Each structure stands twice: as C-alpha cells, then as structure tokens.
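# here is my input, please return the structure:
(3 chains)
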Amino acid sequence: MAAVVETFGLTKIYTLDFLDVEHGRLKLRLGRKRRQRVALQDLSISVEQGEIFGLLGPNGAGKTTTLKILMGIIFPTRGSARILGRPLGDKWAKARLGFLPENPYFYDYLTGREFLKYYGQLYGIPRRERERKAEALLERVGLRDATHLPLKGYSKGMLQRIGLAQALLNNPEIVILDEPQSGLDPLGRKEIRDLILQLREEGKTVFFSSHILSDAELVCDRVAILYAGELRNIGRLTELLSARIKEYEIVARGVPAAILEQWRPRADRLLVEKDNAMIIVRQENEAREILSRLNEVGATLVSFNPRRETLEEYFIAQVRGGTNG
Amino acid sequence: MAKVWAIAFNTFKEAVRNRILYILLIFAIVLLLFSGLARELTISAHEKIIRSLGLGCINIFGLLIAVFVGIGLVYNELDKKTIYTIISKPIDRWQFILGKYFGLLLTIYVNILIMTLFFYFSLYWQTFMGSDALAKVYAAYPPGQAPGALHQMGYCGWSVLRSLGLTLKTLCFFPDQVTADLQIVVVMTCLELAIITAFAVLYSSFSTPTLSAILTVFTFVVGRGNEDIIRYTWYLERKGLTSTAAIVKYHGAQFVAHLAPNLKIFYSDTCNAALSNPPVIVDYYAIAYAAIYSALILSLAVLIFRRRNFK
Amino acid sequence: MARRVYLAVFVLVWLAVAGYVVYRLQDKQISKLEYARPFRATLALPQIVDRDRPDSDPAEEELPQLAKVMALGYDEMVASLLWLRVIQVFGAKLQHIRENPLELRAIENYFLVITELDPRFVEAYKFGNFVLGDEGGDQKAALRLLDRGIVRNYNRTFVLPYEAVFICLGSLQDYNLARYYVRLALRAPDCRDYVKRIENYIALKKGNYEIALERWVRDDLEAFRNRQDHLVEMGHLQINNIANQWHGSIIEAAMERYLERHGDYPARIEQLEEENLIGTVRQVDGPRLMRLLEGAERAGMATNDAVDMIMGTKDRPGCVFESNRLPRDLRGEAYLLIDEAVIPIQQRPTVGERLALRRYTQGDLLAIRRRIEGYYKANGRYPATLMDLPEMQPGLREELKHEDPVGLPWNYDAKTGKIGSHVFPEL
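Residues are numbered from 1 along each chain as shown, chains lettered A, B, ... in the order given. Model (predicted):
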C-alpha cells in the first residue's frame, strides 16, 4: 500500500513578540528560548492509501497545525512532507485533495449553489460539470432545500455539511478533515461517522483530526496520538489497544444480598439497582467463579461483558505517562 | 487565467456589497448633478468650474473607493479564515492576489463608469437646458408667447434621450464638442487608480486595515508630490549640501522620489491640459509606466504573500 | 528543485528589469521638470523670506506655492472652489476692502493662490483687477496681478494687457507703459481691432498730435473702405478733436508768452498773431484736410497713397504746414477766446438749429436779466459773478441756466451788469 501522506520530521516553532499581553498581563520575554513556542516537534507519520487515519490529541496538541502545514496554510520551520508523492504546495496533489477546516467560515453572501460553483471554478472544473456536481453534492449532504439561502442564514450543522460538500467537489482521493465533529449534536456526529465510512467504501483515504476519542475509535483504522506537539504513539487501533482483557463486567438478576456482600471485597466495583447487580472483576478466574455461583444461588445472568481497553483509557495513560516521564 | 478571473469576479461581488460604496457613489452623483448649480454661483467661466469639479470628484471618489475597499481586501480573508478553503484548492497564491487586485479594479472601474455617465449626462443636459438652446425653442413662437406644457415636457424628454445618446457615444470614445478631452482624463484617472490599488493590495497583504489605509493615503500624497520633492532636492543642492542634516534630507528625498510613483502625469497633467491648455496628447509613456509600475508592486505583494503564515 | 531555482532567478531578473525601467522612466520625468518653473522654498517653511531676494514679498511667493503643493494635484478643482469662494467673500466684504488694507491683502492672496493653481484662468485676473483696482483702490496691486497674468498667458489673450492699458492711462498716467501694453495686446491672436486705436488715443494724450492725426486719417480711410460707417463717423470726430487740441495747445502756449510779456491775458485772440507770439509752428490746414480726406474717400485710393497725399511727403506737402499765423479750426473759422479759454467755433450749431437755439437763448437771457435787475434793486449793485445770483445755486428749482443752449458760458460783464451770448452776440 502506498503512502499517500507522509511527513518527515515536521516541526513548527512560533516566534513570539518581545513584549506581549498574555492573560491580561504584560509579559516580557527575554532570551530566545522564552520567545519560542513549539507547536509541533519532529512529526513523522505516514497515511496509507484507502485507510481512515485519525490524528488525535487534546486541544493545543498540534493537530490543526499539522493539517495547516499539509494544506499549505502555514509553512514548517523544519522538516518536509509529501502528499501523493508530491512536495507540499504542489497543485497536482491539491487537485486530488479535499479539505474541510475547523469551524469553517465561508463567504456570507453567496448561496449554497453559487458557493459550490465558485469553488468548482477554482478547481478548474468545466461549467456544465460544475453545475451537475453542485447539485449532486448538495443532494448528498442533505442541503437540497436550502440551496437558495445565502450562507449567512446557515446553522452550524448546515455549514459543516456545505463544507463537506466543497471538500468532495473534485472527487478527491484524499479527504482531510479538521475536527469534523466539533460542535455537532449526536445525530450530526453519527452522520459524519457514516460519511467517513462511506468514503472509505468509495476507495478514498480519510485523514482527520479529532479530540472526540469515542467516535474516532469507531471509525479509524490507524491513529496517531499527539500531545504538546509531540507524537506519542502511532499504529493500528487493534495493535495499540492491548488485546488483553482489562475487566469483566457481569450483570445478574436476583442475586441474594448476602451473596453480593460476599463478593464485594473481591470485586472491583459493585453496583446494585433494585433486582439487578453489576459486578466488575479483574481476574478471569474470579469471573469464572462468579458465573458458576450464579446458577447455584438461583440468579439469572443478564449480561457478561469482557471489556478491553478503550482508546480513551489508552490515551489518558499515554498522556499521563508522558507528563510524568 | 480562468481562476484569476473567478477570484476577481467573486471579489467584485463581495466589494459591491460593501455599504460604504453606495454612500460614496450617491455622494458623488449628487455632487455631479448639482455641479450645474455652479453656473449660478460664479460670474463667469462656469464651464471650466463644472468640468474641473466633475473630474476632480471622479478622481477623489475613485481614490476613496480604492482605499476603503482595498484595505480590507486581503486582511478580511485572513481574519475571517475564508482563505483556508481557497488555499487548499489547486490555486497559486499569486493567482489569489492577482484575482483580488483585478476584482477591486473592476469594482473601481464600474463605479467610475457610473460617475462618468452621470457627469457627461449632466454636461449634455446643461447644454440642452442652457439659455442658448432654450432661446431657439422660444424663437419658434411669436414674442410674448411661451411654449405649452406639452411642448415643454416633450422637449425635456427629448433632451434626456439625446443626452443619454451623446453620453453613450462619448463613453465609446467619440466625444462631442462639449466633452472634448474629458474622456482621456477619466482614462488617466483609471490608470492612476490602478497603481494606487496595487499599493492598497500590497499593504493589505501584510498589515491591518487601519495601517493599510494610512500607508495607501501616504503613498498617494507622496506620489502626487513627487515632482515637488525633486524640486526640493534641487533647492537643497542650490543652497549647498554642507551640514549632515542637509545631506540626509537630500538623499532621503531623492530615494523617496525615485521609489514612489509619479502620479502627477496621470490625472493632474491631463486635467490641466484638457481644461487650460488644449489639446490633450495621449501620453503612451504614462500608460506604459502605469502598467509596469503596477506589475512591479503586485510582484512585491505576491512575494510577501507567498511565504506568509496565516493564523 | 531545479524549478525552484529557475523561479527564483526569474523573479530576481524580473524585479531587476522592472525596477530599472521604472527608475529610468522616473529620471526621464525629472529631466522634463528642469524646464518647468523654479520652485521656491515652500517646504522649508521656517524661512519666510528667501535670503537670495530679501526684498521679496513673502506672501506673494510663499502662500501660492504652498497652496500648489497642498492641492495634491487637484489644482483646477481647488482653483474652482477658491474662485467660488472669493466671489462670495468679495460680496460680503464689499465695503471693507476699501477701508481696511488687511482685507484687501487677504483678497489679493485669494487671487494669487487661484492664479498660481490655474495660471490660465483668465477671468480670475480680470476679476482680480476689478476687485483690487476699481473696488479696492490699489491700482498697483491690480497691475501686479495683471502682469502675473500676462506672463503666464503670454501671447494667448489680448484681454489682460488691454485691462492693464486702462490702469496705465487712468491712475498711473504713464503713457509709455500704456503703449507697451497696447503692443503686447496687439500681438495676441484674438486681438480686436479697436485695440490698435488706443494707440491713437495715447499718441494724442502724449501730445504727438501729428502722429495721432495720421493714425486717425488712416483708420478713417480703412473704415471707409470696409464700409464701417460708425467708424468713419468716429474717425471724423476724432480728427476734429485732434485738430482742436493741437491748435488749442499752440494758442495756449502763445497766451502764456503774452502773459509773460504783458502780465495779463489778451483781450482779443488776434493780438497773439499781431505780436508774433505764435512762433513758427506746424499746424493743420483744416479745410484742405477735409477736402483731401473726402477726395481720397471718394476716389477709393490705396490707403498708403491717400495718407501720403493727406499728410504730405517730403516732395509734396500735405495739409500740415508751418506758419506763424493764428491756427484755425477744421472749417477754417477762427477760435473764440472766452474768459481765457479757447473755444472752437465748431461748437456753434448749424443753421437749421440756429433759429430754435436763438429763441431759447433769448428766453434764457431775458430771465437772467430780470434776475440781475432784481439783485440790483435788492443790493444796490450788480453781482460780481453770475453764481452770486441766488437762483443760480444748485439744488434749488433751477430757473436759470448756467450756460447757454450751445454749452458755452455766458458773456457777463460784472461792471455793467450786461449779459450776452457768445454765439448770438446781437441778443
């Protein structure tokens, strides 16, 4: 599988002013070190063709910086990157990209259709095809009813959708999304997830950044975790998250209280609600024992759930590990 | 380049929504139409006054539009981050700057066209409503009788149509005797504004609107006063370059005068020739100068813009 | 990588070439400037008076130059606005500019600035001349303004030197300067033909009677040839005028000599000739002049030949001759000596009117005589002058005329109280 996006030691260091106002107070920065703010430190990742790649990290980790560098909005201090084998800024590569920035802001006064047709002009798409594509995309993102409304009147969700439409205008091979789910309601988030999966079905590569780890876990093939500008870890989800089962979750009904009290010290957590009891244990033999005892005490098993590590837990562990060591 | 034109047209559409444009346009049109009032205020030479006021208005308002719309041109794109999706398209940064420039130029030229239309119309209208023309109308009637209401309205309507026709003819560079050399002055104004717009785009590409406005106006003032700066250096030379202050002033003034464009050759000299020293000779050298200088300034703007990190 | 290098090289070359071209074009414009007017030290504002010319008036140089720089290239527009303004200012300050010299200076500054911004604005100079000269009373300032205009509009319009002529003739009484301006006006392409006749007037004023006469004879013949009747009429009037002034000056010079000799003016005009006080002077043979003129007009001679014939060449004399006899008017009649003034008899009316005028004169004389009798009865003596009569005072209901119907003064003898008319001495 060819790498469609590769970065080699991408670094971005911002030089701040001598004298500045920060947090409402005047700050004097003396010395070169103090004036530099490292946004991205030595990032080397690669995205394979046809996969969904998630760039994850908390706010301020450098995700948006990476994407901006890839799109040519800012320039790296050191390092380089290649998209589809071409260097940054190459127009051939850009013609095969689709980009949706975070909190997109477009020209207020254009209507949806005019907006897509204008961007089609920028892609160099001929006129008839432009109009056709604009219609098709508006249909696809579900904005058919609002085509004649100027963008000023769009809600956040609608703006996000038209942003996706303009990203897909040229039928790109790679779709790059910066925090596509920010500010959306759960329904919107689901739609985005479905869209990303759909895009993979079409054979496109999706490279997006997010801090909503649960959603990323559902769609991503590979992830990279960024913290404070540094790459913490990168790899397939299945590889990163240990296959080891972390804990067992048993939900049973009708367990006598006495038995529950017996199990309480051995269990990690014990929750009782009316008739149901949720027992969480770490060890497998403990779980096996409880399961076998259920029949004896006349309880019914409602559910048995061996839980593996979630991405969120992994992430927090990584981050904490990083800050500590 | 189709992409440059796409951005230019979009810039034009955006600029047209800028409300300050309408205020300036209405102001200019009112000023032009009321220039006919100048006839009542002056004891003689009213043609010259009307023409000089009209041409000056067109120039000043074109300049104001260039400054007020041009300063926010690139800055607003960056500030509102609408540029993110533009840059991610297969389009060069220089195409973007050029598109912005031509869009602004289009806006200015459309406004100048409208103002010039009103200007010519008011000039032609005054000839049809002037005392000589009206005397001819009255001459058809026996003395003491005035034309009836219908005839008056008909004459007014016919004058409006004729004025419009003559205006359009003048705009296509077939001037009448009344507007003999004025079209050339307007064309020179457009060339001058091409240079100023290039400066506005240049400043807008790296600084905030307020600073851009100050710098553009400053450039305009220095450009218009270029000849006087040169003369000032001659004056210093005549006085003798003895003190360091004089030497610094001399070289500084020379540097500024060579750097800044000489804007007097466009509107100023042509207007002077049109109103006081006919005939006006078309200065092809000035046209070439405007083209090359604008290209130079735009190149600078492109160079600055190329390596600029957007927030 | 190579593409980058090419691009960088191209950009550098383009910047260098374009920059160089712009620099050369700038230099070309600067070299054109060298033929433009010199610029005074406007931008060095603290130096109010230029040390090269310590007697220069600062306002005259500084303020207009400063305005020109401040106008930022909108010269004509600012000039138009200031023009509209100065008309208003003049209307508002009409009474003050004559009294207050500062107000006049202020208005003068307006005109200086307007003319500096738009030197071809001819009406500004004209109106400025009117405001400063006629209304403000400062003819010298008006002449300065007109000079400014003449320099800046040299050989373009006759109007400005033409206005200057009148200032010279009127308040300055400088005839040579007036002639200079007339010559300037004549050179302009739009000069009217009446301008050249001002030179005739100037010649007359200077006392060059013969030259004036020749000029008017020539103009008269030209007018006759062009069938300009009003000019022919004016020509005849002016020739008459010249002859009377010429001969009047001769007679007055003789009278001064008589005064020196005898201590008093003569009683009769013939005494001047009898005592040979005229001297050998050039004078005009009136009737001959009129005959030759008429003949030349009718014969349609070429103008130069006609003038030669009338004025005379060194081979053939014209109508001007030298003599020590008493000169006579164009009709050949003698001049009247009335109260030390020489009155040409041509002012007497022609026959047709004579009878009516005789009647009027009779009536006037009767009325005055009655008043004199009344005065005599009241005061016991005759009035010393006619103006002593109360009825002669101006302002009252004028019953008595100060002059006879022709316009000559009454012939009044204070000792005898007798009053008569010069025109009708028999009354």
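# quick one: buried residues of stretch A:156-176?
Applying a neighbour-count criterion of 16 or more other Cβ atoms under 10 Å in any protein chain shown, the buried positions in stretch A:156-176 are A:157-170, A:172-176. Yep, even glycine has a C-beta here, placed from its N, CA and C like the rest.
# extract the CA atoms of that stretch and return them as PDB.
The C-alpha coordinates for stretch A:156-176 follow below in PDB (Å, rounded to 0.1, in the frame of the first residue of the first chain):
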ATOM      1  CA  LYS A 156     -23.600  25.300  12.300                       C
ATOM      2  CA  GLY A 157     -24.600  21.900  11.100                       C
ATOM      3  CA  MET A 158     -25.600  23.200   7.700                       C
ATOM      4  CA  LEU A 159     -22.200  25.000   7.400                       C
ATOM      5  CA  GLN A 160     -20.500  21.800   8.200                       C
ATOM      6  CA  ARG A 161     -22.400  20.000   5.600                       C
ATOM      7  CA  ILE A 162     -21.700  22.500   2.900                       C
ATOM      8  CA  GLY A 163     -18.100  22.400   3.900                       C
ATOM      9  CA  LEU A 164     -18.100  18.700   3.300                       C
ATOM     10  CA  ALA A 165     -19.700  19.300   0.000                       C
ATOM     11  CA  GLN A 166     -16.900  21.600  -1.100                       C
ATOM     12  CA  ALA A 167     -14.300  19.100   0.100                       C
ATOM     13  CA  LEU A 168     -15.800  16.500  -2.100                       C
ATOM     14  CA  LEU A 169     -16.300  18.700  -5.100                       C
ATOM     15  CA  ASN A 170     -13.500  17.400  -7.200                       C
ATOM     16  CA  ASN A 171     -14.000  13.700  -6.200                       C
ATOM     17  CA  PRO A 172     -10.700  13.700  -4.300                       C
ATOM     18  CA  GLU A 173      -8.500  10.700  -3.500                       C
ATOM     19  CA  ILE A 174      -7.700  12.000   0.000                       C
ATOM     20  CA  VAL A 175     -10.200  13.800   2.200                       C
ATOM     21  CA  ILE A 176      -8.700  15.800   5.000                       C
END
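# what about it, distance to the chain center?
Distance of stretch A:156-176 from its chain centroid, counting by Cα atoms, centre = their mean, to the nearest Å, is 16 Å.
# can it be found next to chain B?
Yes. Using Cβ under 8 Å from any Cβ of the partner chain, stretch A:156-176 reaches chain B at A:163, A:166.
# so which strand or helix has the one residue in the stretch 1-150 of chain B that gets nearest to chain C?
Of all residues in the stretch 1-150 of chain B, B:Gly56 sits closest to chain C, at 3.1 Å by Cβ to the nearest Cβ. Element membership for B:Gly56 (DSSP states H and E) is helix B:46-70.
# give me the mean pLDDT for stretch C:392-403.
Per-region confidence: stretch C:392-403 scores 70 on mean pLDDT.
# then stretch A:266-284?
Per-region confidence: stretch A:266-284 scores 83 on mean pLDDT.
# what's the offset of that stretch from the middle of its chain?
What separates the centre of stretch A:266-284 from the centre of its chain is 33 Å, taken as Cα atoms, centre = their mean.
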